[in-house]
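Colleague: Task: produce atomic coordinates for the following.
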Amino acid sequence: MKKKILIISYYWPPAGGPGVQRWLKFAKYLPEFNISPVLFVPENANYPINDNSLKSEVSKDLEIIKLPIFELSNFFPRLKSLNSIRSGNISKNKNQSILQKVVFFVRGNFFIPDMKIFWKRNSVNFLKKYLSENNIETIITTGPPHSIHLIGLELKRKLNINWISDFRDPWVNLNYLNRFHLLPFVKEYHKKLRDKVINNSDAVIVTSKRLKDLYSEINSSIFQVTNGYDYNKPVIKLDKKFSISHVGSLYNERNPEFLWDIIEELSEDLQGFKKDLQINLIGNNNKKIKQNLSKRVFNDCVECFDYVEHKKAIEFMCSSQVLLMLEVDDDESSYAIPGKLFDYLNSNRPIISIGPEQSEVREILSNTGSGKFFDYKDYNSLKFYIEKLYENYVNNLSSSDNNYNIDIYNRKNLTSKLVEVIIKIGLKK
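Modeller: This next block holds a predicted model:
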């Protein structure tokens with residue numbers, strides 16, 4: 001008989017974006033390890049991005065429990081400042097308008113740890129009864145939103161069940177948390193909540209080494225289980241053009257001006273480069289970035305697409321000559337590994353990654369031979385690499401050799417690591 005566990009998550013299809021992929025895939029493979037997952041998710045959640053295609057990936061045999069959630073964002077559908085919070089695009093303090101400062105202050109200081117906190121009380125009351133009636137001894141909470149962990153904390157206190165908390169980002173070390181103009185006691189309260197969650201969890205799962213090192217100072221039972229890939233590479237032809245594609249949100253702080261300077265320089269100086277060039281920006285792209293790119297020499301080589309379904313995004317990845325990954329140039333961003341990196345790896349296309357110096361992406365690209373990582377000072381190195389990739393394109397040479405060492409990021413193999421953690425905490429009691 002399969003062992004039942006309860007997974008509590010805010011993100012679930014039809015939610016789009018990277019947050020939903022992790023537990024959608026774990027739920028897919030857990031039954032193969034003799035574990036039967038039950039999902040507890042909100043009903044009628046107001047997700048910032050929807051991807052209805054992901055509904056087809058939910059097994060018909062999967063037990064899903066839904067409870068209504070109060071979404072404050074439903075009352076402010078046209079308030080751009082609030083929508084920017086929901087999408088994770090928070091302007092730096094110096095770039096915020098007076099209205100944004102007010103909205104961000106209220107969000108940061110009155111809704112702790114986030115605006116999903118209203119789901120906590122009803123969820124605890126419901127699950128307390130459900131878990132007891134169904135003899136479920138293990139729960140997993142995944143955040144963000146980190147209010148989900150507070151549901152786990154309360155259930156742990158009331159029922160003393162096995163509890164695994166899964167952190168997809170560093171909570172207190174989030175690069176945008178300080179942009180909410182938090183009062184000193186609110187900052188301290190965030191830290192106390194985080195530490196209480198980590199201390200009371202039987203095990204904590206994180207997605208990066210740096211996050212593991214950070215949380216190991218609080219709890220010794222920290223396990224790294226990264227995100228991964230879960231698709232068979234489609235048989236698809238490469239673009240005829242020298243295509244450089246970025247999949248995902250592109251906003252001001254992810255905008256590496258020096259990259260566009262390099263491409264402009266190559267467009268002017270390298271014979272044939274501009275004629276062959278095609279830049280695909282796929283996802284939610286900032287208007288100012290698009291306006292600035294329209295003034296570049298290579299502006300007619302740029303094509304922007306709105307958010308596309310995951311399946312279509314995979315097709316873009318696999319057909320592109322080169323894949324581009326951009327992260328914010330700050331220390332906080334180095335605690336997380338972008339989820340799309342693993343889909344990038346499986347596409348077997350060369351990757352150009354630009355991000356903070358301490359990023360773990362550098363090591364992953366090196367170990368898999370799948371591309372190169374550059375920080376925001378590597379102008380000459382990046383220019384040389386793009387020239388090399390273009391030369392390979394012109395000569396019809398393979399530009400990627402990342403067909404080794406990526407199997408550890410297959411979602412099924414990652415699920416086996418998760419199962420090891422579930423078994424370990426079960427043996428503790």
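Colleague: Can you give me the pLDDT of the closest residue in space to residue 351 that isn't next to it in sequence?
Modeller: Excluding the flanking residues, the one nearest residue 351 by Cβ to Cβ, 6 or more residues apart in numbering is residue 371, at 3.0 Å. The C-beta positions use only the backbone N, C-alpha and C, and glycine is treated the same way. For residue 371, the model assigns a pLDDT of 94.
Colleague: Could you do the one 3 residues further on as well?
Modeller: At residue 374 the predicted local distance difference test score is 97.
Colleague: where do the strands sit along the protein?
Modeller: 3-8, 35-43, 63-68, 138-143, 162-167, 203-206, 222-224, 242-247, 277-282, 302-305, 322-326, 351-354, 371-374 (DSSP state E).
Colleague: Now tabulate these in TSV and tack on mean neighbour count.
Modeller: Compiled in TSV, the strands of the chain are given as follows (neighbours: other Cβ atoms under 10 Å):
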stretch	mean neighbour count
strand 3-8	20
strand 35-43	19
strand 63-68	14
strand 138-143	25
strand 162-167	25
strand 203-206	24
strand 222-224	17
strand 242-247	24
strand 277-282	20
strand 302-305	15
strand 322-326	23
strand 351-354	22
strand 371-374	22
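Colleague: how about TSV for the ones you listed, with distance to residue 382 added?
Modeller: Shown next, in TSV, are those (distance: least, Cβ to Cβ, whole Å):
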stretch	distance to residue 382
strand 3-8	41
strand 35-43	42
strand 63-68	45
strand 138-143	34
strand 162-167	32
strand 203-206	30
strand 222-224	29
strand 242-247	12
strand 277-282	15
strand 302-305	18
strand 322-326	11
strand 351-354	7
strand 371-374	5
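Colleague: Which one of these lies nearest to residue 424?
Modeller: Nearest to residue 424, of all the strands of the chain, is strand 203-206, at 6.7 Å by Cβ to Cβ.
Colleague: Quick check: closest non-adjacent residue to residue 264.
Modeller: Of all residues not flanking residue 264 in the chain, residue 297 sits nearest, at 5.1 Å (Cβ to Cβ, 6+ apart).
Colleague: who touches the residue located most distally from the centre of the chain in this structure?
Modeller: Residue farthest from the centre of the chain, counting by Cα atoms, centre = their mean, is residue 271 at 38.1 Å. Going by Cβ atoms under 8 Å, 6 or more residues apart in numbering, residue 271 touches no other residue.
Colleague: I'd like to know how far it sits from residue 316.
Modeller: Counting by Cβ to Cβ, to the nearest Å, the gap from residue 271 to residue 316 is 28 Å.
Colleague: and if you look at residue 355?
Modeller: Here residue 355 is placed at a distance of 21 Å from residue 316 (Cβ to Cβ).
Colleague: Looking at those two, which is more packed in?
Modeller: residue 355 (24 against 20; other Cβ atoms under 10 Å).
Colleague: Flag the shaky bits of the stretch 51-200 of the chain, pLDDT-wise.
Modeller: For the stretch 51-200 of the chain, the stretches with pLDDT under 70 are 75-95, 175.
Colleague: Go again with 80.
Modeller: 72-97, 100, 173-178 (pLDDT under 80).
Colleague: which residues in it form helices?
Modeller: If DSSP state H, counting those that start in this stretch is used as the criterion, the helices of the stretch 51-200 of the chain fall at 80-86, 98-110, 120-133, 147-159, 184-200.
Colleague: got JSON lines for the ones you listed, with distance to residue 216 and mean neighbour count too?
Modeller: Shown next, in JSON lines, are the helices of the stretch 51-200 of the chain (distance: least, Cβ to Cβ, whole Å; neighbours: other Cβ atoms under 10 Å):
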{"stretch": "helix 80-86", "distance to residue 216": "30", "mean neighbour count": "17"}
{"stretch": "helix 98-110", "distance to residue 216": "28", "mean neighbour count": "16"}
{"stretch": "helix 120-133", "distance to residue 216": "27", "mean neighbour count": "15"}
{"stretch": "helix 147-159", "distance to residue 216": "18", "mean neighbour count": "21"}
{"stretch": "helix 184-200", "distance to residue 216": "10", "mean neighbour count": "15"}
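Colleague: Quick one: closest of the ones you listed to residue 61.
Modeller: Closest to residue 61 of the helices of the stretch 51-200 of the chain is helix 120-133 (Cβ to Cβ; 18.9 Å).
Colleague: Who are the contact partners of residue 327?
Modeller: Neighbouring residues of residue 327 by Cβ under 8 Å, 6+ apart: 254, 333, 338, 353-356, 359, 361.
Colleague: now with 10 Å?
Modeller: Counting by Cβ atoms under 10 Å, 6 or more residues apart in numbering, residue 327 makes contact with 175, 248, 253-254, 256, 333-334, 336-338, 341, 353-356, 359, 361.
Colleague: do residue 306 as well
Modeller: Counting by Cβ under 10 Å, 6+ apart, residue 306 touches 282-285.
Colleague: Pick out whichever of those residues sits closest to residue 102.
Modeller: Nearest to residue 102 among the contacts of residue 306 is residue 284, at 24.0 Å by Cβ to Cβ.
Colleague: My guess is residue 285 contacts residue 250. True?
Modeller: Yes. Between residue 285 and residue 250 there is a contact under Cβ atoms under 10 Å: 4.7 Å.
Colleague: okay, now the domains of this protein?
Modeller: Per automatic domain parsing, the structural domains of the chain span 3-228+410-428, 242-407.
Colleague: Nearest to residue 235, out of those?
Modeller: Ranking the domains of the chain by proximity to residue 235 (Cβ to Cβ) places domain 242-407 first, at 9.0 Å.
Colleague: Endpoint to endpoint, that closest one covers what distance?
Modeller: Terminal residues of domain 242-407 are spaced 28 Å apart (Cα to Cα, to the nearest Å).
Colleague: again, but for stretch 52-61
Modeller: 19 Å.
Colleague: returning to what we had before: could you check how far the residue farthest from the centre of the chain is from residue 248?
Modeller: As judged by Cβ to Cβ, residue 271 and residue 248 stand 32 Å apart.
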